[in-house]
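Participant: Requesting a structural model of the entry that follows:
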Amino acid sequence: MPDRTLICQDCSREFVFTEGEQEFYKEKGLQNEPKRCPECRKAKKAQFNRNRRRQSN
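Facilitator: Take a look at the predicted model:
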């Protein structure tokens, strides 16, 4: 499996979906490739966690 270059749906920048990441996704049974670059995934996760904390208070 060669590395693949994908486009982030949030920031439209290119990012590499490495062979190792592809193997990890396959091992975990994940069938869809990532739609966000690592930076946008991190920001989205942080936003989700902030929203969860607000809702639980």
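
Participant: Measure how far the helix or strand encompassing residue 48 is from the centre of its chain, please.
Facilitator: Counting by DSSP states H and E, the element that carries residue 48 is helix 38-56. The gap between the average C-alpha position of helix 38-56 and the chain average comes to 13 Å, counting by CA atoms, centre = their mean, to the nearest Å.

Participant: buried ones in it?
Facilitator: Buried residues in helix 38-56, counted by 16 or more other CB atoms under 10 Å: residue 40. All C-beta atoms are positioned from the backbone trio N, CA, C, and that covers glycine.

Participant: who's in contact with the closest residue to residue 14 other than its chain neighbours?
Facilitator: Counting by CB to CB, 6 or more residues apart in numbering, residue 14 lies nearest to residue 5, which is 5.3 Å off, once chain neighbours are set aside. Contact partners of residue 5, counting by CB atoms under 8 Å, 6 or more residues apart in numbering, are 14, 15, 16, 17.

Participant: ok, and the most crowded of those?
Facilitator: Sorting the contacts of residue 5 by how many neighbours each has (other CB atoms under 10 Å) puts residue 15 first, at 18 neighbours.

Participant: For this structure, which residues score under the pLDDT cut-off?
Facilitator: By pLDDT under 70, the weakly predicted segments of the chain are 57.

Participant: Secondary structure of residue 6: a helix, I assume?
Facilitator: No - remark: residue 6 does not belong to a helix; assigned using DSSP: H, G, I helix; E, B strand; the rest coil, it is strand.

Participant: Isn't it up against residue 32?
Facilitator: No - proximity of residue 6 to residue 32 does not meet the contact threshold set by CB atoms under 8 Å, at 11.3 Å.
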